[in-house]
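Enquirer: here's my sequence, what's the structure:
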Amino acid sequence: MEEIKKKQPVSIPEVQEILGKGDPEMMDQIQRWTYDYVSKFVTADPKNAKKMKQVLVKECELTEEEAVELVNIRPTSMAELRSFTFGWKKLILAETLEKILRTIQEHS
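Expert: Predicted coordinates:
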């Protein structure tokens, strides 16, 4: 078994990109299932997803985990965005929520 070298939250488009670099014949069953899943459901470009995650972390002061959640879900309205951020149990100002929504729209 391979040693874990680094733990980092990645979005679904990034998972597709990472697994897509490997040889499908060399993947174990879980990797194949994961690759099949992400290939069917990914709608965002991995580069756009990475950029969106970076902007959300840097300019909107979200954690990487929070940014990945939003990249994966890509809420399209303020009400939908609030339903996700409410679960984080931290106060996010209205201006920041607007900036988050703009960032998601710009990079989708």
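Enquirer: quick one: residues contacting residue 7.
Expert: Residue 7 makes contact with no residue, according to Cβ atoms under 8 Å, 6 or more residues apart in numbering. The C-beta positions use only the backbone N, C-alpha and C, and glycine is treated the same way.
Enquirer: and it, what helix or strand is that in?
Expert: Assigned by DSSP states H and E, residue 7 belongs to no helix or strand.
Enquirer: and for the one 3 residues further on?
Expert: Following DSSP H and E, one finds residue 10 outside all helices and strands.
Enquirer: what of residue 98?
Expert: Taking DSSP H and E as the definition, one finds residue 98 inside helix 94-107.
Enquirer: for that helix, buried residues please.
Expert: 97, 99-101, 103-104, 107 (16 or more other Cβ atoms under 10 Å).
Enquirer: go on, stretch 79-87?
Expert: Neighbour-count burial for stretch 79-87 flags 81, 85 (criterion: 16+ other Cβ under 10 Å).
Enquirer: from residue 70, how far off is residue 43?
Expert: As judged by Cβ to Cβ, to the nearest Å, residue 43 and residue 70 stand 14 Å apart.
Enquirer: whoops, I mixed them up, residue 22
Expert: Applying Cβ to Cβ, the value for residue 22 to residue 70 is 27 Å.
Enquirer: more crowded one of the two?
Expert: Under the criterion of other Cβ atoms under 10 Å, the comparison of residue 22 against residue 70 puts residue 70 first, with 22 against 11.
Enquirer: element containing the more buried one?
Expert: Here residue 70 is covered by helix 64-73, with elements defined by DSSP H and E.
Enquirer: now the element after that helix, going C-ward?
Expert: Trace forward from helix 64-73 with DSSP H and E and the next one is helix 78-86.
Enquirer: secondary structure class of residue 88, three-state.
Expert: coil (DSSP: H, G, I helix; E, B strand; the rest coil).
Enquirer: can I see the domain layout of this protein?
Expert: In the assignment given by automatic domain parsing, the structural domains of the chain cover 12-41, 46-107.
Enquirer: tell me the most buried of these?
Expert: The highest mean neighbour count among the domains of the chain belongs to domain 46-107 (a mean of 16), with neighbours defined as mean count of other Cβ atoms under 10 Å.
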